[in-house]
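In: Sequence and predicted structure are below.
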Amino acid sequence: MPIFPAPIEKLIEDLKKLPGIGPKSAQRIVFHLLKAPAEQVSALSLSLQEMKRSVGRCRRCNYFAVGELCHFCADPNRSHAVVCVVEEPSAILPVEKSGEFKGMYHVLMGSLSPVHGVSAEDLQVDGLLERIREGGVEEVIIATNPTMDGEATALYLYRLIKPLGCRVTRIGMGIPVGGDLEYADEVTLARALIGRRDLS
């Protein structure tokens with residue numbers, strides 16, 4: 001027999017589907033929303049709907065965008081000569097916080113993972129190769145996670161990019177093996193970017 005009325009149970013179950021939200025966190029959020037003024041709950045609901053309606057993917061790099069290009073690709077002050085390749089959009093935040101990178105990004109939307117059924121065809125690589133072929137890209141920094149899947153993805157990208165005559169580097173270590181880039185602190189990531197190495 002449920003402890004809470006059906007609408008509360010439903011919202012708790014829906015919130016538990018979000019990453020990092022367990023049963024207790026879901027309950028706390030629901031209880032907070034129940035106590036909050038109706039306007040606050042309505043504003044949250046509208047913000048969620050607006051985000052889902054208006055935010056898409058950048059046609060050049062796959063990062064979040066309102067319109068065709070994200071704010072990184074549209075920024076004339078950023079270098080187009082260096083492209084940092086990451087697995088997921090969330091990995092861009094710590095790279096930016098490091099303060100060491102002022103170039104462009106490319107988001108793969110995953111990493112090679114035979115165990116999870118992710119193959120090369122599932123990765124967003126074509127746009128990256130097209131940018132390199134168009135000219136102007138001198139270096140590609142591969143900043144995939146230091147996991148087995150991330151290393152396999154880095155090697156796969158190296159084999160695709162190197163024949164195009166572009167310098168290919170890998171972020172330096174300092175990020176623990178098996179770790180996620182998005183959880184790295186700014187200092188560690190800054191050192192990893194400075195200590196990047198050529199792949200060969």
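Out: Right, received. Where do you want to start?

In: got a list of what the nearest residue in space to Gly103 that is not next to it in sequence touches?
Out: Closest residue to Gly103 apart from its sequence neighbours, by CB to CB, 6 or more residues apart in numbering: Val82 at 3.5 Å. In short, each C-beta sits where N, CA and C put it, glycine included. Neighbouring residues of Val82 by CB atoms under 8 Å, 6 or more residues apart in numbering: Phe101, Gly103, Met104, Val137, Glu138, Glu139, Val140, Ile141.

In: quick one, longest helix in this protein?
Out: helix 38-54 (DSSP state H).

In: how about the CA coordinates for it, as PDB?
Out: Extracted in PDB, the C-alpha atoms of helix 38-54 (Å, rounded to 0.1, in the frame of the first residue of the first chain):
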ATOM      1  CA  ALA A  38       2.300  27.900  -6.500                       C
ATOM      2  CA  GLU A  39       4.100  30.600  -8.600                       C
ATOM      3  CA  GLN A  40       7.500  29.100  -7.800                       C
ATOM      4  CA  VAL A  41       6.300  25.600  -8.900                       C
ATOM      5  CA  SER A  42       4.700  27.100 -12.100                       C
ATOM      6  CA  ALA A  43       7.900  29.000 -12.900                       C
ATOM      7  CA  LEU A  44       9.900  25.800 -12.500                       C
ATOM      8  CA  SER A  45       7.500  24.000 -14.800                       C
ATOM      9  CA  LEU A  46       7.700  26.700 -17.400                       C
ATOM     10  CA  SER A  47      11.500  26.800 -17.300                       C
ATOM     11  CA  LEU A  48      11.600  23.000 -17.900                       C
ATOM     12  CA  GLN A  49       9.200  23.300 -20.800                       C
ATOM     13  CA  GLU A  50      11.100  26.300 -22.300                       C
ATOM     14  CA  MET A  51      14.400  24.500 -22.000                       C
ATOM     15  CA  LYS A  52      13.100  21.400 -23.700                       C
ATOM     16  CA  ARG A  53      11.400  23.500 -26.500                       C
ATOM     17  CA  SER A  54      14.200  25.900 -27.300                       C
END
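
In: Centre of the chain to the following helix or strand past it, how far?
Out: For helix 38-54, the following helix or strand on the C-terminal side (DSSP states H and E) is strand 56-57. Averaging C-alpha positions (CA atoms, centre = their mean, to the nearest Å) puts strand 56-57 12 Å from its chain's average.

In: domain parsing for the chain?
Out: 6-54, 64-198 (automatic domain parsing).

In: in what helix or strand does Val30 lie?
Out: Going by DSSP H and E, Val30 is part of helix 23-35.

In: quick one: that helix to helix 38-54, angle?
Out: Helix 23-35 and helix 38-54 are oriented at 120 degrees to each other (axes from the mean of the first three to the mean of the last three CA atoms, to 10 degrees).

In: any chance you could map the helices in this structure?
Out: Counting by DSSP H, the helices of the chain are 6-16, 23-35, 38-54, 92-98, 126-134, 148-161, 186-194.
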